[in-house]
Every structure is written in structure tokens, then in C-alpha cells.
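Trainee: pasting the structure only:
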Ligand code: PLP
């Protein structure tokens with residue numbers, strides 16, 4: 001017996017069969033029996049089996065279609081099954097599926113060169129990793145070796161990955177079960193105009209006070225002990241916090257004054273998410289190290305890395321860099337990365353993201369914010385936005401508490417469930433709904449998804 005919708009239709013209009021209901025049951029049984037899942041209590045999870053994807057849509061085994069409004073984990077920048085990426089991986093697999101990192105390889109070299117070409121002048125080398133966490137891990141190691149200092153500063157509201165140093169850098173609750181962790185990490189408050197830690201009234205005041213606070217943190221932690229400051233250019237999972245004008249330039253100044261390495265974590269926002277190759281390029285700053293992953297090849301094959309300033313790279317001309325990974329610069333991953341550059345350039349992806357963000361998403365979200373009493377703030381850039389939900393607009397009390405789970409999280413879970421019933425897969429986190437669709441999403445799909453979110457917000461309004 002075939003499922004309700006027996007086929008799905010891809011971007012070329014071709015129909016493909018979907019597996020039957022028994023396949024659905026088999027996938028669920030294998031998963032429940034044998035897959036140990038991330039971040040979850042194993043007894044309560046019930047992951048949806050996914051049969052196929054194309055562009056901005058994916059299908060479950062029952063034939064239900066979902067518009068992917070979170071680009072999986074904000075990595076699927078070119079959408080599902082992009083033919084150029086799939087083809088590049090297939091061709092590379094047919095030619096040379098793998099080769100170890102100490103041997104030179106054409107796609108690895110080409111990808112490194114193309115990344116250096118879009119990075120700021122004076123950042124010409126790339127160290128490849130398997131993902132974002134190990135990119136941050138290695139960036140911090142470089143900073144420590146270059147400065148001879150050990151301490152690293154990062155924001156309370158941040159996520160930098162789940163290896164030992166990366167989870168210590170992380171400010172959000174995901175670090176708690178791993179503590180006590182790397183003791184040489186200190187946290188500071190970043191700017192967050194809607195919920196200012198500094199009681200600022202304007203974005204300008206927020207910039208000034210957040211920078212004073214960072215400077216005091218540096219002084220009190222001991223400038224001569226601090227190797228690096230690690231900052232997500234736009235804080236991602238912790239709220240799509242766009243830095244107010246002048247903040248990142250102020251961080252750059254502080255790093256220069258105190259001899260600290262500025263590491264820009266671009267894992268989520270790099271490679272087009274906000275309409276720039278790297279998000280810091282919209283803020284006119286140049287870091288010393290850039291970490292990237294996700295969008296570099298839409299996660300078709302795991303890949304991350306560190307872009308290194310010439311000054312830091314020169315330190316390792318004569319001193320060995322004590323780090324490496326078996327799969328560093330994996331040819332299948334790099335082939336998908338080179339294809340990503342070709343698609344971005346041919347299809348004008350960066351300009352498209354800036355246009356869709358400013359012309360379609362921003363006005364629609366601002367309009368919806370006026371009508372829904374539960375919407376306290378909307379913010380973002382390009383195709384990276386958050387809707388922050390509150391119980392009361394005056395007091396700004398969050399609709400669900402920070403770090404909510406279970407019954408506490410129910411009002412936002414109801415919004416997510418309503419979106420899914422209407423065929424949109426959103427990303428929700430605490431009191432926020434994020435909008436981060438693939439950068440190739442059509443304008444019609446984008447508007448349809450925003451309509452669904454608009455309707456779903458009535459479930460949040462009930463709790464105001
Ligand atoms: N840094 C940021 C800003 C991220 O959003 C993430 C993942 O979501 C990471 C680092 C970790 O990347 P990965 O999961 O590839 O290790």
C-alpha cells in the first residue's frame with residue numbers, strides 16, 4: 001500500500017515515488033531502537049522520518065510537504081538537493097573520494113583560494129575542519145599560541161559548538177552540563193537593545209555601555225592574560241542579535257589596544273545568510289581569525305574552517321601548528337564548496353538575499369508585529385530574522401521563561417505545531433520564532449511561509 005501522496009514533484013516538475021507506510025514504520029523502529037540523539041532525553045523524542053527534499057521543501061514518508069523555514073540547522077543555504085552541489089560531489093566521488101590532508105588536492109586548494117578571495121585583504125590562508133565547533137577550537141588554539149596568553153572572552157548569549165573549548169566558550173545553558181569546563185574562559189554581556197543589560201534607551205547608548213562593560217571586563221580579567229575575544233557577528237541561536245552601530249568597530253579597537261586576537265564566529269551567518277560573504281563585511285570591521293562551516297557547502301558533506309590573517313599565519317611559518325584532523329579539507333566537502341561559490345556568483349545569491357530581506361521579509365514582519373500583541377520585537381538582516389514573543393509588550397515579560405522546557409514552553413510549542421500543520425517547518429527557541437529559509441527560496445514560498453507564521457501567532461496571542 002502506498003502512502004496518501006504516493007509521489008513528490010521536484011524542481012523540474014518530475015514526479016518521484018515516495019516510500020510506503022511500512023518504510024515509515026521501519027525508519028521509526030530503527031531510529032527509536034538504535035539512534036542515540038543529540039540534546040534530548042531519549043525516551044521522549046519522536047523524530048519525523050524524512051523521505052526526500054528539493055529546494056526549500058522536504059517530504060515525510062506520508063507525503064506531507066514542509067517548507068524548510070529553518071534551513072535545517074541554518075546550514076542549508078542553497079536548499080535541498082541543489083543539482084550543482086550534488087553533481088560536484090558525484091563527480092568528485094567518481095574521481096578521488098578522499099585523500100589525506102598533508103597531500104595537495106585540487107578542490108581543497110581551489111576552495112581555500114576562493115574563500116581567501118572573498119575574505120578581507122591580508123587573510124589568505126584557510127585551515128579546514130569538520131565543522132564549526134572544531135573551527136572555533138582551532139582558532140582559539142592559534143590565538144593562544146600567537147599571544148602566549150591563555151584566557152578567552154565570549155558572550156553570555158552565544159553558541160560556539162560542542163567540543164570542549166567550544167562548549168566552554170558557549171554562553172547559553174548548553175554549557176552547564178559540561179561545567180566545570182575550561183577555566184580560562186570569561187563571559188561578558190553583549191549588546192541586546194531590546195533587553196539591555198545596561199538599561200540603555202537607544203542603540204547608540206547600548207553600543208557605548210556595552211563597550212565600556214567589555215573594557216572593564218578586559219581590565220579586571222587582566223589584559224595581559226587574554227588571548228582572544230570570540231564573537232558571533234550576529235548572535236544566532238540565542239536570538240538573532242544584530243550588533244548596534246559601532247559595536248564591532250569598538251571591539252576591534254579594544255583588541256588592538258590590548259593585543260587581543262579578534263575571532264569572528266561566522267559559522268551561522270557566513271556564506272550569504274545576511275547577504276554578504278561574511279556578515280562582518282556589513283559592519284566594516286576586519287577580524288584576525290574567521291571561523292566558518294554550515295553555509296560554506298550547505299552541509300552536504302561536513303566542512304568547517306578558520307580563515308587566518310597573514311600576521312597570525314606567519315607565526316606558524318617556522319613553528320609547527322600542533323593540530324590536524326584526518327578529514328581536514330575532505331575532497332567531497334571541498335567539491336561542494338567550490339560548487340557553492342559557482343552558484344552564488346552565477347545566480348547572484350548575495351544580492352538576492354539582501355533584496356528579499358529588505359523588500360519582502362522585513363516589511364511583512366514589521367506589519368505582523370503591529371497586529372499581534374504577543375510580538376515584542378522583530379529583528380534581523382537578509383534571510384535571518386527573529387520574532388521575540390512576550391506576555392506583555394509594556395513589561396516585555398518573555399512569553400515563555402528563559403530556558404523553558406516542558407509545560408513552560410507550551411505556548412511557543414503551540415505556535416511551532418500550528419506552523420507544521422500548515423506545512424511550514426520553523427525554528428523556535430525559548431520565546432522566539434526564527435525565520436531562516438534557504439537563500440534560494442522563491443518569493444511565493446517566502447510569502448506563503450510568512451502567512452503561515454502570521455496565522456500561527458494567534459496561539460501566542462492567547463497567552464498575552
Ligand atoms: N558557532 C555557531 C555560531 C553556531 O551556530 C554553531 C552551530 O550551530 C557552531 C558554532 C557549531 O558548529 P558545528 O555544529 O558545525 O560544530
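Mentor: Thanks, I have it. Every value quoted in this text rests on a predicted model; they were computed, and no experiment measured them.
Trainee: quick check, the residue in the stretch 301-450 of the chain closest to the ligand?
Mentor: residue 304 (5.7 Å; C-beta to the nearest ligand atom). All C-beta spots, glycine's among them, are computed from the backbone N, C-alpha and C.
Trainee: I'd guessed residue 227 sits against residue 139; true?
Mentor: No. Applying C-beta atoms under 8 Å as the test, residue 227 and residue 139 come out as separate, 10.3 Å apart.
Trainee: between those two, point out the one with more neighbours.
Mentor: Legend: neighbour count by other C-beta atoms under 10 Å for residue 227 and residue 139, higher for residue 139 (33 against 24).
Trainee: touching, that one and residue 231? I think so.
Mentor: No. At 11.6 Å, residue 139 does not count as touching residue 231 under the criterion of C-beta under 8 Å.
Trainee: how about the residue in the stretch 1-150 of the chain positioned nearest to the ligand, phi and psi?
Mentor: Of the residues in the stretch 1-150 of the chain, the one nearest the ligand is residue 132, at a distance of 2.3 Å by C-beta to the nearest ligand atom. Phi and psi for residue 132, reported as degrees, to the nearest 10, are phi -80, psi -40.
Trainee: tell me how far it lies from residue 248.
Mentor: Separation of residue 132 from residue 248 (C-beta to C-beta, to the nearest Å): 19 Å.
Trainee: what values do phi and psi take at the closest residue to residue 270 other than its chain neighbours?
Mentor: Excluding its sequence neighbours, the residue lying closest to residue 270 (C-beta to C-beta, 6 or more residues apart in numbering) is residue 292, at 4.5 Å. With angles defined as degrees, to the nearest 10, residue 292 sits at phi -140, psi 170.
Trainee: go on, residue 378?
Mentor: Dihedral angles (degrees, to the nearest 10) for residue 378: phi -120, psi 140.
Trainee: next one: residue 121
Mentor: Torsion angles, degrees, to the nearest 10, at residue 121: phi -60, psi 140.
Trainee: ok, now which ones touch it?
Mentor: Residue 121 makes contact with no residue, according to C-beta atoms under 8 Å, 6 or more residues apart in numbering.
Trainee: now do the helices in the stretch 301-450 of the chain.
Mentor: Ranges of helices in the stretch 301-450 of the chain, per DSSP state H, counting those that start in this stretch, are 310-315, 331-347, 349-355, 362-371, 410-421, 443-456.
Trainee: out of the ones you listed, indicate the one that is most buried.
Mentor: Scoring the helices of the stretch 301-450 of the chain by mean neighbour count under mean count of other C-beta atoms under 10 Å gives helix 331-347 as the most buried, with a mean of 22.
Trainee: does it reach the ligand?
Mentor: No. Under the criterion of C-beta under 6 Å from any ligand atom, the ligand is not reached by helix 331-347; the shortest gap measures 12.0 Å.
Trainee: please tell me I have it right and residue 119 contacts residue 276.
Mentor: No. With contact defined as C-beta under 8 Å, residue 119 does not reach residue 276; the gap is 11.4 Å.
Trainee: gap between residue 337 and residue 302?
Mentor: 11 Å.
Trainee: oh, I was asking about residue 429
Mentor: Distance from residue 429 to residue 302, by C-beta to C-beta: 23 Å.
Trainee: what do residue 139 and residue 231 both touch?
Mentor: Common contact partners of residue 139 and residue 231 (C-beta under 8 Å, 6+ apart): residue 263.
Trainee: returning to what we had before: gap between the residue of the stretch 301-450 of the chain closest to the ligand and residue 75?
Mentor: The spacing between residue 304 and residue 75, counted by C-beta to C-beta, is 10 Å.
Trainee: with neighbour numbers in mind, choose between those two.
Mentor: residue 304 (28 against 24).
Trainee: model confidence at the more buried one, what's the number?
Mentor: Residue 304 is assigned a predicted lDDT (pLDDT) of 98.
Trainee: does it touch residue 137 like I think?
Mentor: No. Counting by C-beta under 8 Å, residue 304 does not reach residue 137; the two are 10.0 Å apart.
Trainee: shared neighbours, those two?
Mentor: Common contacts of residue 304 and residue 137 (C-beta under 8 Å, 6+ apart): residue 129.
Trainee: near the ligand, which residues of this protein?
Mentor: 73, 131-133, 136, 159-161, 232, 236-237, 265, 267-268, 293, 304.
Trainee: among those, name the ones in strands.
Mentor: Per DSSP state E, strands hold the following members of the residues of the chain next to the ligand: 232, 265, 304.
Trainee: and for the residue nearest the centre of the chain, nearest residue in space, chain neighbours not counted?
Mentor: Centroid check for the chain by C-alpha atoms, centre = their mean gives residue 268 as the closest residue, at 2.3 Å. Leaving out its chain neighbours, the residue that sits closest to residue 268 by C-beta to C-beta, 6+ apart is residue 236, at 3.8 Å.
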